[in-house]
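Asks: Quick one: sequence plus predicted model below, questions after.
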Amino acid sequence: MRTTDTLIIGGGQAGLAVSRCLTEFGHDHLVLERGRVAERWRSERWDSLRLLTPNWMTRLPGFAYDGPDPDGYMTAGEATRFFDRYADSFSAPVREGTTVRRLSADDDGFAVATDDGVFTSRNVVIATGWCDRPAIPAMANRLDGGIHQVSPSDYRRPSDLPPGNVLVVGASATGVQLADELRRDGREVTIAVGSHSRMPRTYRGMDVFWWLDQIGSFDRTIDDVPDTVSARFEPALQLVGRPDRQTLDLTTLQRAGVRLSGRLLGLDGRRARFDRNLWSVLASADRAMLRTLDRIDVAIERWGLADEVMPPDRPNAVAPASVRDDLDLGAAGITSVVWATGFRRAYDWLDLPILDGRGEIMQRRGLTRLPGAYVLGQRFQHFRNSSFIDGVGRDASYVATHIVASSVRGNPRADSGLFAKA
């Protein structure tokens, strides 16, 4: 049995960020990682993937992108090398190849059972990330066994799929990127469109993330929103990080020959049923996008930048060529379904009383209701960009400061009153 003051479970951006902060404090800790540093970036990403955020936003505590292309978008391989360099920059105490089997509380703190023995600590930080396992709906079980199914975590390149056409389910960032790639591969592609967040890649000559950063969108906290559950589960922005900085959305997909359908409602063998409310879903996404662009325009006028940037260039509304509610997948030549339906968290290894009725960790700024147990990297954990590479640092600093302060007082289970369900 090995003991340390603080165990961090997960060696991705969140785990490394809090490790860096604890290192600055000189605080004893150990990071447990099931694979290698940033393992999901290595083994659960498709070949052509690039970050949605520009390189200048690739910032972690004490470290930032310093390459020649600040306005570009890292490939998955470049991201893993960035994380490797980050870990090396402060000699992060990462124990790779150590899978956590169970996390439980004991009299002195916590016990973490792994495939390499048991570790104990006074504090534990759960930094396994927001995107854990693909959220494939139960209807997938009703799909004909002759049709290939794949999640984005297992997809690598178009040649991995059998010959034939493809149904992509989901139209957030992942769905539109994979639909575009598969269409470019020469396949007929249908994309089932549910709720999504539309946004142009650039607006008035600048990357939209630059504008969102400038107008304070990423500084918005969970206390500022009326519905915390909806905020944490809102769809990812419908963006792609391409070298040409071109916008990829449903309009450009349809122009390239991708067929649009409504949200997938059900499957029965080779028969698919779709919602006919596609027009209202598209209109809702457009209204939300235009409200954000209005905020940017107001800020430009307030800052006196109107003559320094390009004129407004609002994207056109999406106009579906047709809307259907039923499709015979076999007759359409569809041999594969790609489930771009998001991710869920799975805490079957977590034996602590900190989960809510939905199976999510209850926390307030990373503090759970069980003192000494912390979490990092959650969607909208506190700030709008808490789950971003660029945003996790603020939460990591807050958690690390609390850990060290509690340890100095000699009671890591102090301050339980700081927790408030959010």
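Replies: Everything's here; your move. Numbers count the residues shown, from 1 in each chain.

Asks: can you give me the end-to-end distance of stretch 337-348?
Replies: 28 Å (CA to CA, to the nearest Å).

Asks: just how off-centre is it within its chain?
Replies: With CA atoms, centre = their mean, to the nearest Å as the basis, stretch 337-348 stands 11 Å off its chain's centre.

Asks: And for stretch 353-363?
Replies: On CA atoms, centre = their mean, the centre of stretch 353-363 falls 19 Å from the chain's centre.

Asks: From the rest of the structure, what touches that stretch?
Replies: Stretch 353-363 has contacts (CB atoms under 8 Å, 6 or more residues apart in numbering) with 126, 345-347, 368-370, 373-375, 378, 381, 419, 421-422. For glycine as for every other residue, the C-beta is placed from the backbone atoms N, C-alpha and C.

Asks: buried residues in stretch 216-234?
Replies: For stretch 216-234, a neighbour-count test (16 or more other CB atoms under 10 Å) marks 217-218, 222, 225, 232, 234 as buried.

Asks: What's the ChimeraX line that selects buried ones from the contacts of stretch 353-363?
Replies: A single ChimeraX command selects the buried members of the contacts of stretch 353-363 (16+ other CB under 10 Å):
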select :126,345,347,368,369,370,373,374,375,378,381,419,422
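
Asks: what's the most distant pair in the contacts of stretch 353-363?
Replies: 346 and 419 (23.1 Å; CB to CB).

Asks: Check what pLDDT residue 232 gets.
Replies: Looking at residue 232, its pLDDT reads 88.

Asks: and what of the one 10 residues further on?
Replies: The predicted local distance difference test score for residue 242 is 92.

Asks: From residue 242, how far out is residue 135?
Replies: Using CB to CB, to the nearest Å, residue 135 is found at 26 Å from residue 242.

Asks: residues in contact with the residue nearest to residue 344 when sequence neighbours are not counted?
Replies: Once flanking residues are discounted, residue 344 sits nearest to residue 135: 4.3 Å by CB to CB, 6 or more residues apart in numbering. Shown in contact with residue 135 (CB under 8 Å, 6+ apart): 341-344.

Asks: likewise residue 59?
Replies: Neighbouring residues of residue 59 by CB under 8 Å, 6+ apart: 65, 389-390, 393.

Asks: Repeat the analysis, applying 7 Å as the threshold.
Replies: Listed by CB atoms under 7 Å, 6 or more residues apart in numbering, the contact partners of residue 59 are 390, 393.

Asks: Look up phi and psi at it.
Replies: Dihedral pair for residue 59: phi -130, psi 130, per degrees, to the nearest 10.

Asks: Please report the distance of it from residue 372.
Replies: Residue 59 is 29 Å from residue 372, by CB to CB.

Asks: Burial check on residue 101, number of neighbours?
Replies: 12 (other CB atoms under 10 Å).

Asks: and it, that's in a strand?
Replies: Yes. Assessed with DSSP: H, G, I helix; E, B strand; the rest coil, residue 101 lies in a strand.

Asks: Are any of the contacts of residue 135 buried, and if so which?
Replies: Of the members of the contacts of residue 135, the ones counted as buried by neighbours, 16+ other CB under 10 Å, are 341-343.

Asks: Among those, name the ones in strands.
Replies: Among those, the residues falling in strands (DSSP state E) are residue 343.

Asks: okay if I get the buried ones among the contacts of residue 135 as JSON lines plus pLDDT and distance to residue 398?
Replies: Output for the buried ones among the contacts of residue 135, formatted as JSON lines (pLDDT from 0 to 100; distance: CB to CB, whole Å):
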{"residue": "341", "pLDDT": "94", "distance to residue 398": "32"}
{"residue": "342", "pLDDT": "88", "distance to residue 398": "27"}
{"residue": "343", "pLDDT": "86", "distance to residue 398": "24"}
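
Asks: okay if I get the buried ones among the contacts of residue 135 as JSON lines plus distance to residue 308?
Replies: Output for the buried ones among the contacts of residue 135, formatted as JSON lines (distance: CB to CB, whole Å):
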{"residue": "341", "distance to residue 308": "41"}
{"residue": "342", "distance to residue 308": "38"}
{"residue": "343", "distance to residue 308": "40"}
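
Asks: Now do the helices in the stretch 201-350 of the chain.
Replies: 208-214, 228-232, 250-255, 278-303 (DSSP state H, counting those that start in this stretch).

Asks: Please report how far residue 52 lies from residue 385.
Replies: Here the distance between residue 52 and residue 385 works out to 12 Å (CB to CB).

Asks: Having no further points to raise, I will conclude here.
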